[in-house]
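[1] Give me a 3D structure for the following:
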Amino acid sequence: NGADYTVKTVESVLAQTYRDFEVIVVDDGSTDHTRTALLPYGDQIQYIYKENGGACSARNVGIRLARGEFVACLDCDDIWLPDKLRYSLPVLDSDPGMAFVFTLCQMIDGAGEIIGEAHYSFDIERAYLNLLSENYIMAPSVIMRRSCLDDVGLFDESIFIPADWDLWLRLACRYRVGYVDLPLSQYRQVSN
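    As a prediction, this is how the structure comes out:
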């Protein structure tokens, strides 16, 4: 039920400077005009409607349908800046033992104005130990290696919050984590 934000999110992915990707939109039971709003994107996206099952359920549907070596989940109100894939994918390509890469992330308001930025102070070599004390990784900044997900499992659908933290911990416990020190994603903070 966030058609207008969903369009902006899809457009942010379609505007990537790196062009080899697929977009799967999983509509988790919307009752607004989301389906109609996405019609202009035709064959640029794959649209899947499912009964409402929660964010983790929708993410897992998309991951299972994805054909790529790398996958990312972007909620309907978050944004990727144009060079997100261009700078993130080479980091994953450089290390087959890396489960995921994340970036700096800006916080935006409902109108898309920047209201803050996540700043990280950590040792990337100790990503797992750092994650044990706090979830410092913003979900829209993450791109994951599919084979690592196959190994540790997808999002746990029995957890609402913090399901992303649970997945980051499972991945970081077994694999290396990469980081790009550039603000390449935006996390929208709104009243709901």
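
[2] For this protein, which segments count as helices?
    3-14, 34-38, 55-65, 84-93, 127-133, 146-152, 163-174 (DSSP state H).

[3] Averaging pLDDT over each of those helices, report the lowest-scoring one.
    Lowest mean pLDDT within the helices of the chain: helix 127-133, a mean of 91.

[4] Would you mind listing the buried residues in it?
    The neighbour-count check on helix 127-133 (16 or more other C-beta atoms under 10 Å) flags 127-128, 130-131 as buried. C-beta here means a position set from N, CA and C on the backbone, and glycine is covered the same way.

[5] ok, now stretch 47-65?
    Using 16+ other C-beta under 10 Å as the test for burial, stretch 47-65 gives 47, 54-63.

[6] ok, now stretch 8-24?
    Under 16+ other C-beta under 10 Å, the buried positions of stretch 8-24 are 8-10, 12-13, 16, 23-24.

[7] C-alpha coordinates for stretch 68-79, PDB please?
    Listed next in PDB are the C-alpha coordinates belonging to stretch 68-79 (Å, rounded to 0.1, in the frame of the first residue of the first chain):
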ATOM      1  CA  GLY A  68      21.400 -13.700 -10.400                       C
ATOM      2  CA  GLU A  69      24.500 -14.600  -8.500                       C
ATOM      3  CA  PHE A  70      23.800 -11.600  -6.300                       C
ATOM      4  CA  VAL A  71      20.500 -10.500  -4.700                       C
ATOM      5  CA  ALA A  72      19.300  -7.500  -2.800                       C
ATOM      6  CA  CYS A  73      16.100  -6.600  -1.200                       C
ATOM      7  CA  LEU A  74      14.800  -3.000  -1.400                       C
ATOM      8  CA  ASP A  75      11.700  -2.100   0.600                       C
ATOM      9  CA  CYS A  76       9.000  -0.100  -1.300                       C
ATOM     10  CA  ASP A  77      10.000   3.200   0.300                       C
ATOM     11  CA  ASP A  78      13.800   3.000   0.100                       C
ATOM     12  CA  ILE A  79      16.100   4.300  -2.700                       C
END
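
[8] May I have the strands that pair with the longest strand along the chain, each with its orientation?
    Longest among the strand segments of the chain by residue count, using DSSP state E, is strand 176-188. Partners of strand 176-188 in the sheet, by DSSP bridges, are strand 79-80 (antiparallel), strand 98-108 (parallel).

[9] For it, what is the distance to the chain centroid?
    Taking C-alpha atoms, centre = their mean, to the nearest Å, one finds the center of strand 176-188 at 10 Å from the center of the full chain.
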